[in-house]
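Chemist: build me a model:
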Amino acid sequence: MALLSLTASHHELDLDALERLSTGAQSIGGSAVSACDVITGAVVLATCNRFELYLDVDAPLDGPGVRHATEHVARLVAEASGVDAVEAATSFRARAGNEVVEHLFAVAAGLDSMVVGEREIAGQVKRALEAAHADGVTSSTLELLFQTASRTSKRVSTETALGGAGRSVVALGLELAGSDLPPWHQVRAVLIGTGSYAGASLAALRALGCDDVRVYSQSGRAEEFAAARGVEPVHDLVTALEDADLVVSCSGARGRALADGSRREQAIEHVLDAASVVRARERAAVAAGDEPGARPTVVLDLALHRDVDPHVADVEGVLLYDLATLAARSPAVASDLVAHARSIVDDAARTFEETRLGRAADTAVVALLQDAERRIRAEVDDVVALRRAEGDGPGEDEVEEIARGVRRRVHADLHRKIVAVRAEAVEASRAAVRGVVADAEALIAEADAEVG
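Modeler: All right, here's what the predicted structure looks like:
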């Protein structure tokens, strides 16, 4: 079994390109496993700023193999999202072996996030594995990989102050919005969406002292979400916006569901468009009569697949913050905190890989153990034979004592040999992975040059 990951994130792509690429992301894991015999497991991690596929491949991963797997999965992504196949193939970065482990552990710990140290990603990593497990497309290797990533993330959270220093995307957005709002206990908020981000947003609003929260959902789940959390559901978004100071949108519902379960982007459809905001503010102005003009409305769009039409920012009296704005204003985290967290991640990744790759030495270790047992029996037999030849034949208890002494000495030497064999196997595996990545990069560069 070999680990392969294909990753696209805000580091390599702008958010518009990432949004296009990840449309239909949830169908990719099942498609990859069913369409390719050598892919025995897949976990898809799709968040507001990344789209990553983790694959368990039952085949040697030489350079051409990595390139073939990348192109094969990229075609599936292209079909699900409507993105050009060439664009999809060039959008991903391929990692193999220990690079996969190091990357996922860093992601789970919040070290690769738009807001470094944010803790939401830990839950997203856990849910990605749960979704793959529920769909029956994971594998024992991927299960262990993701479970260890979650444990490593917890270690970073408990052993460092990184989690306290790094704010979540929700917290950063509310912090930016707060400077343009009344005191939080006076803020009237509308929440669009009922997923995990909506729950996190509601908790953050309440922690700030905002209790006037209404929830809207295109999917019809507002009633259930609101009843469980003690807030008010609304069914007419424009009416709800008339007196709203803050709109937090995180539904990611843009697009139309297709028969195969995928989603195709519809560029003109948004959960909240500029016309709706204009109507709401006009109604608010009429209701105010001779009173001072309506207060500003702050709109916070936390959805990767934008819920809010960018033209909303052009409406007078409206301030729009989206993920691109948050990325630009994300604060730096102290380097010593990052270094501490990185050391934990590196140690966990090294241990995981040494355990996994060390299994390649199992055959050699078994042979060493068998040889050691033969040596022990031979040496004990020699000692017993010598004693008997001298007329001093040992009893059963003495024979056992002799065997224990020989076994201690042989096992001490055996331990050194096992450590050496495992170290050699690990280094050989790492060297092979470095070769795989180098070969794949060379082939992809060659293909790019031919296209150019």
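Chemist: surely D245 is in contact with R295?
Modeler: Yes. Under the criterion of Cβ atoms under 8 Å, D245 makes contact with R295 at 6.0 Å. Bear in mind the C-beta positions are built from the backbone N, C-alpha and C, glycine included.
Chemist: overlap of the contact sets of the two?
Modeler: Residues touching both D245 and R295 (Cβ atoms under 8 Å, 6 or more residues apart in numbering): P182.
Chemist: okay, the two: which has more neighbours?
Modeler: D245 (21 against 18; other Cβ atoms under 10 Å).
Chemist: quick check on that one: phi, psi?
Modeler: The phi/psi pair for D245 (degrees, to the nearest 10) reads phi -90, psi -30.
Chemist: tell me the pLDDT of it.
Modeler: Listed pLDDT for D245 reads 93.
Chemist: any chance you could map the strands in the stretch 351-452 of the chain?
Modeler: Using DSSP state E, counting those that start in this stretch, no strands are assigned anywhere in the stretch 351-452 of the chain.
Chemist: which residues of it score low on pLDDT?
Modeler: For the stretch 351-452 of the chain, the stretches flagged by pLDDT under 70 are 356-365, 422, 425-452.
Chemist: one more pass at 50, please.
Modeler: Where the stretch 351-452 of the chain drops to pLDDT under 50, the residues are 443-444, 447, 451.
Chemist: hang on, isn't V247 packed against A280?
Modeler: No. The pair V247 / A280 is not scored as a contact, 9.7 Å apart, by Cβ under 8 Å.
Chemist: identify the contacts common to these two.
Modeler: Listed as contacting both V247 and A280 by Cβ under 8 Å, 6+ apart are L241.
Chemist: CA atoms of stretch 30-39 as PDB?
Modeler: What follows is stretch 30-39, C-alpha atoms only, in PDB (Å, rounded to 0.1, in the frame of the first residue of the first chain):
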ATOM      1  CA  GLY A  30     -16.400   7.300  -4.200                       C
ATOM      2  CA  SER A  31     -15.700   8.000  -7.900                       C
ATOM      3  CA  ALA A  32     -12.000   7.500  -7.500                       C
ATOM      4  CA  VAL A  33     -12.300   4.200  -5.600                       C
ATOM      5  CA  SER A  34     -14.900   2.800  -8.000                       C
ATOM      6  CA  ALA A  35     -13.200   4.000 -11.200                       C
ATOM      7  CA  CYS A  36      -9.700   2.900 -10.500                       C
ATOM      8  CA  ASP A  37      -8.800  -0.600  -9.300                       C
ATOM      9  CA  VAL A  38      -5.500   0.400  -7.700                       C
ATOM     10  CA  ILE A  39      -7.200   3.000  -5.500                       C
END
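Chemist: now do it, average pLDDT.
Modeler: Stretch 30-39 comes out at a mean pLDDT of 86.
Chemist: repeat for stretch 301-309
Modeler: Mean predicted lDDT for stretch 301-309 stands at 81.
Chemist: for stretch 77-96, same thing?
Modeler: 84.
Chemist: mind listing what's buried in that stretch?
Modeler: By neighbour count with 16 or more other Cβ atoms under 10 Å, stretch 77-96 contains the buried residues 77-83, 88-96.
Chemist: contacting residues around the nearest residue to V278 once chain neighbours are set aside?
Modeler: Excluding its sequence neighbours, the residue lying closest to V278 (Cβ to Cβ, 6 or more residues apart in numbering) is V315, at 5.7 Å. Taking Cβ under 8 Å, 6+ apart, we find V315 in contact with 274, 277-278, 281.
Chemist: return the subset of the residues you listed lying in strands.
Modeler: Assignment to strands by DSSP state E places none of those there.
Chemist: top of the residues you listed by neighbour count?
Modeler: Sorting these by how many neighbours each has (other Cβ under 10 Å) puts V277 first, at 27 neighbours.
Chemist: tell me who's in contact with it.
Modeler: Here V277 is in contact with 241, 297, 299, 312, 315, 318 (Cβ under 8 Å, 6+ apart).
Chemist: which of those lies closest to S140?
Modeler: V299 (45.0 Å; Cβ to Cβ).
Chemist: just give me the neighbour total for the closest one.
Modeler: Here the count is done by other Cβ under 10 Å, and V299 has 25 residues near it.
Chemist: let me know the closest of the buried residues of stretch 77-96 to G41.
Modeler: Of all the buried residues of stretch 77-96, G41 sits closest to A96, with 15.1 Å by Cβ to Cβ.
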